[in-house]
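1. What follows is a protein structure lacking sequence information:
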């Protein structure tokens, strides 16, 4: 039992704001409010009636020398806050705009202590084996069934789980509560039969759960006896692993390297999952695999007893259905742009007809997603609730994440309505906001989730010398992907932020400038003279662009390409006019061409049939292109001639993410075990001669797919810039049994 009596709350009208947790509620119902708007609201409330300047809010929201488009960013936070409060700029009830100065909170505010409340928590067992000391955990009151039914929350009233004899201090509270229950003649059932348990399942230290990026996955079998999850072993390459619950040893599943988002067949004998550009199913008895259909970038699947699979084919696609035997996918939902740009994470109810899925918008990443109820019988989808994550069905309820809390709400399938009263199953569950995906799953009787790490999931930019000695950090901690070091070595362009994916520049004085504010952005690439860089952006389902940004402050950004297909510039030729362009076509096929910045035309370069290729890079002399490919079932590194790709060299049988030294005499790449390697290169009469492969040092980069863009090398090859992976705690899962 937890007593909260020291927290302060601010009350204004029907709103209540918790000044310790920054949580806002209206008439007792908690509202969704992001970090920056909540910080603004807190400061305005603390200085109620006073002017809070825009400069003060800038320092509050963007500390540590991080510079952004401040005007746009603050306006966005204020507009979001007003939308939640239902306030009007012209006739403000809460937030008054003081022209050219700032804002003032004009509503009457009452600050008072948060009323003490009793938080009922379920019993917890925090080890795989029972405690050796029989007195270590004492559960002394469990739910009375009649009271559960009357309360209709579906949550057991377990008052406490305390160490040894400390429960004695709660006897007066328990006694008082029992007095109020004497009007109902009940019999307390056996503690052993009703006790909710939470087993902590620790994975071996050499296995690291994948918790972000494209290779996520956590699914408990329908009978609750096994779990499949995505993790990286000693080679740092993600694959699917299987473990029996609660005491089995995890085993890697053969043939699942790079697989993601697994889901079970109803009988628990097979798995569905995504790998590369395909939806597959695997028989777990003999590990035989069958390809069901091509996909773009799968976002979740679910398998019914009638042999129907629902899945999201891409990052911006509706939900499709297909026979578990394969065939042609048929859409069962329709995207409602501009409200939602993606439907994903479908999950069947036991009837095999109804399902839930998440709808969200890439263009409004600050806004929560929405859970909808759909049916294979057709008809309009019903909005159920706001959510930060994938929905999962469990005992007639829908589970999802809200601000990291795992919530369960009972659902009436016939009416398509959820109960307004929610049960909080866990307070801190791991999730990737950029994917709207939570680390939890459920069977018919159990819930499994991954607790969120205490250490912030942020990266650090670090300089190393050729021997792996750390030379120092660059810029503040944050979420960095796809770094690109300017050829002159002065500026770092990087994809930054999560879930908002923007482009940032890290300067020599460690300050940061955020270049973009809207859309999804990535893959910054410098020109050879360091005068400009390019990046891709997309907003909406079919609006994709390549933009060039000059370092000349007076020159505006220039959109050089637009398309309905996803595309990215991977490298600029030394002439600063031509660029390698990768375009995603239908059915997972990629096109590789050369873009001319002057004429705005493209010329085919590499045949799509010989791909897929990654990280294409021009050599410093412009006569060669290095790239990596997994077309042979393993990562291989090649160098091919340019502009005519008639000559090709196999450089390494295991290598990804090539980078050239400034004089073209060395080629760097990531090899086995995340080791940074290089090969020496000699040019002789128009041909290349490659030396032996040399291991430099192990670089602590994030796992695939972020590893190929997580390092860069100075032109002289003396220093290596690395996006280091965040510090991770031991990988753990929590198994919840007998919850309701």
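-> Noted; the coordinates are in hand. In this text the structure is predicted, and so the values were computed from the model without any measurement.

2. Break the protein down into its domains, please.
-> 2-113, 120-194, 197-452, 459-724 (automatic domain parsing).

3. right, and the ones you listed - which one's nearest residue 737?
-> Closest approach to residue 737 among these is made by domain 197-452 (5.0 Å; CB to CB). For the C-beta atoms, the positions are set from N, CA and C on the backbone; glycine is no exception.

4. Next one, pLDDT for residue 735 please.
-> Note on residue 735: pLDDT of 91.

5. what's the one helix or strand it maps to in contact with?
-> Using DSSP states H and E, residue 735 sits within strand 732-737. Residues outside strand 732-737 that contact it (CB atoms under 8 Å, 6 or more residues apart in numbering): 122, 196-203, 209, 218, 224, 227, 229, 245-246, 425-426, 445-451.

6. can you do 10 Å?
-> Here strand 732-737 makes contact (CB atoms under 10 Å, 6 or more residues apart in numbering) with 122, 124-126, 128, 195-203, 209, 218, 220, 224, 227, 229, 243, 245-246, 406, 425-426, 429-430, 439-442, 445-451, 453.

7. so how far is residue 340 from residue 370?
-> Per CB to CB, to the nearest Å, residue 370 is found 7 Å from residue 340.

8. swap in residue 40?
-> Using CB to CB, residue 40 is found at 27 Å from residue 340.

9. ok, which stretches of the stretch 551-700 of the chain are strands?
-> 558-563, 567-572, 578-584, 590-596, 601-606, 613-618, 624-629, 636-641, 648-652, 656-660, 666-670, 675-684, 687-698 (DSSP state E, counting those that start in this stretch).

10. Redo those as CSV? Include mean pLDDT.
-> As requested, these are exported to CSV (pLDDT from 0 to 100):
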stretch, mean pLDDT
strand 558-563, 87
strand 567-572, 92
strand 578-584, 90
strand 590-596, 90
strand 601-606, 92
strand 613-618, 86
strand 624-629, 92
strand 636-641, 92
strand 648-652, 92
strand 656-660, 91
strand 666-670, 93
strand 675-684, 92
strand 687-698, 91
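
11. could you redo those as JSON lines and give each row mean neighbour count and distance to residue 492?
-> As requested, the strands of the stretch 551-700 of the chain are exported to JSON lines (neighbours: other CB atoms under 10 Å; distance: least, CB to CB, whole Å):
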{"stretch": "strand 558-563", "mean neighbour count": "14", "distance to residue 492": "22"}
{"stretch": "strand 567-572", "mean neighbour count": "22", "distance to residue 492": "17"}
{"stretch": "strand 578-584", "mean neighbour count": "22", "distance to residue 492": "20"}
{"stretch": "strand 590-596", "mean neighbour count": "18", "distance to residue 492": "24"}
{"stretch": "strand 601-606", "mean neighbour count": "15", "distance to residue 492": "28"}
{"stretch": "strand 613-618", "mean neighbour count": "21", "distance to residue 492": "17"}
{"stretch": "strand 624-629", "mean neighbour count": "24", "distance to residue 492": "21"}
{"stretch": "strand 636-641", "mean neighbour count": "20", "distance to residue 492": "24"}
{"stretch": "strand 648-652", "mean neighbour count": "17", "distance to residue 492": "26"}
{"stretch": "strand 656-660", "mean neighbour count": "23", "distance to residue 492": "14"}
{"stretch": "strand 666-670", "mean neighbour count": "23", "distance to residue 492": "17"}
{"stretch": "strand 675-684", "mean neighbour count": "17", "distance to residue 492": "18"}
{"stretch": "strand 687-698", "mean neighbour count": "14", "distance to residue 492": "20"}
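
12. buried ones in stretch 280-287?
-> By neighbour count on 16 or more other CB atoms under 10 Å, the buried set for stretch 280-287 is 280-282, 284.

13. what's the answer for stretch 315-333, then?
-> Buried residues in stretch 315-333, counted by 16+ other CB under 10 Å: 315-322, 324, 329, 332-333.

14. Adding distance to residue 737 as columns, could you present the domains of the chain in JSON lines?
-> Listed next are the domains of the chain as JSON lines, based on distance: least, CB to CB, whole Å:
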{"stretch": "domain 2-113", "distance to residue 737": "22"}
{"stretch": "domain 120-194", "distance to residue 737": "10"}
{"stretch": "domain 197-452", "distance to residue 737": "5"}
{"stretch": "domain 459-724", "distance to residue 737": "31"}
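
15. If you average pLDDT over each of those domains, which is lowest?
-> Lowest mean pLDDT of these: domain 120-194, a mean of 32.

16. What ranges does this protein have for its helices?
-> With DSSP state H as the criterion, the chain has helices at 35-46, 54-61, 70-85, 145-151, 171-179, 191-194.

17. So for the second one, what gets flagged as buried?
-> Of the residues in helix 54-61, those buried by neighbour count under the rule 16+ other CB under 10 Å are 54, 57-58, 61.

18. how about TSV for those residues, with distance to residue 239 added?
-> As requested, the buried residues of helix 54-61 are exported to TSV (distance: CB to CB, whole Å):
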residue	distance to residue 239
54	50
57	46
58	45
61	40
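
19. between these, which is nearest residue 12?
-> Nearest to residue 12 among the buried residues of helix 54-61 is residue 57, at 19.3 Å by CB to CB.

20. so that closest one touches residue 41, yeah?
-> No - the criterion here is CB atoms under 10 Å, and residue 57 misses it with residue 41 at 11.0 Å.

21. intersection of neighbour lists for these two?
-> When contacts are counted by CB under 10 Å, 6+ apart, the set common to residue 57 and residue 41 consists of 77-78.

22. hmm, which two among the buried residues of helix 54-61 are most spread apart?
-> The span of the buried residues of helix 54-61, defined through CB to CB, is set by 54 and 61 at 10.4 Å.

23. For residue 517, give its distance to residue 467.
-> 40 Å.

24. Of these two, give the one with the bigger neighbour count.
-> residue 517 (15 against 7; other CB atoms under 10 Å).

25. First-to-last residue distance for stretch 234-249?
-> Using CA to CA, to the nearest Å, the end-to-end distance of stretch 234-249 comes to 16 Å.

26. And that stretch, what's buried?
-> 236-243, 245-246.

27. How far away from the center of its chain is it?
-> Relative to its chain's centre, stretch 234-249 lies at 21 Å (CA atoms, centre = their mean, to the nearest Å).

28. Determine the residues that are contacts of both of residue 370 and residue 340.
-> What both residue 370 and residue 340 touch, as defined by CB under 10 Å, 6+ apart, is the set 358-361.

29. Just the buried ones from these?
-> Burial of the shared contacts of residue 370 and residue 340 was assessed by neighbour count (16+ other CB under 10 Å); the buried members are 358-361.

30. most centrally placed residue in this protein?
-> By CA atoms, centre = their mean, the chain has its centre lying nearest to residue 432, at 2.4 Å.

31. Distance of it relative to residue 302?
-> 19 Å.

32. again with residue 101
-> 53 Å.

33. Compare neighbour counts for the two and give me the winner.
-> With neighbours defined as other CB under 10 Å, residue 101 and residue 302 compare such that residue 302 has more, 25 against 12.

34. show me the contacts for that one.
-> 219, 263-264, 266, 272, 308-311, 319, 345-349, 352, 355-357, 392-393.

35. change it to 8 Å
-> Residues in contact with residue 302, defined by CB under 8 Å, 6+ apart, are 263, 309-311, 346-348, 355.

36. Relative to residue 427, how far out is it?
-> From residue 302 across to residue 427, the span is 27 Å (CB to CB).

37. And residue 627, by the same measure?
-> According to CB to CB, residue 627 and residue 427 sit 46 Å apart.

38. correct me, but residue 24 touches residue 14?
-> No - Residue 24 is not in contact with residue 14 according to CB atoms under 8 Å; the separation is 11.1 Å.

39. how many neighbours does residue 504 have?
-> If you count neighbours by other CB under 10 Å, residue 504 ends up with 24.

40. out of everything not next to it in sequence, what's closest to it?
-> With sequence-adjacent residues excluded and distances taken as CB to CB, 6 or more residues apart in numbering, residue 504 is closest to residue 496, at 3.9 Å.

41. Next up, the contacts around that neighbour.
-> Residues near residue 496 by CB under 8 Å, 6+ apart: 478-481, 502-504, 512, 514.
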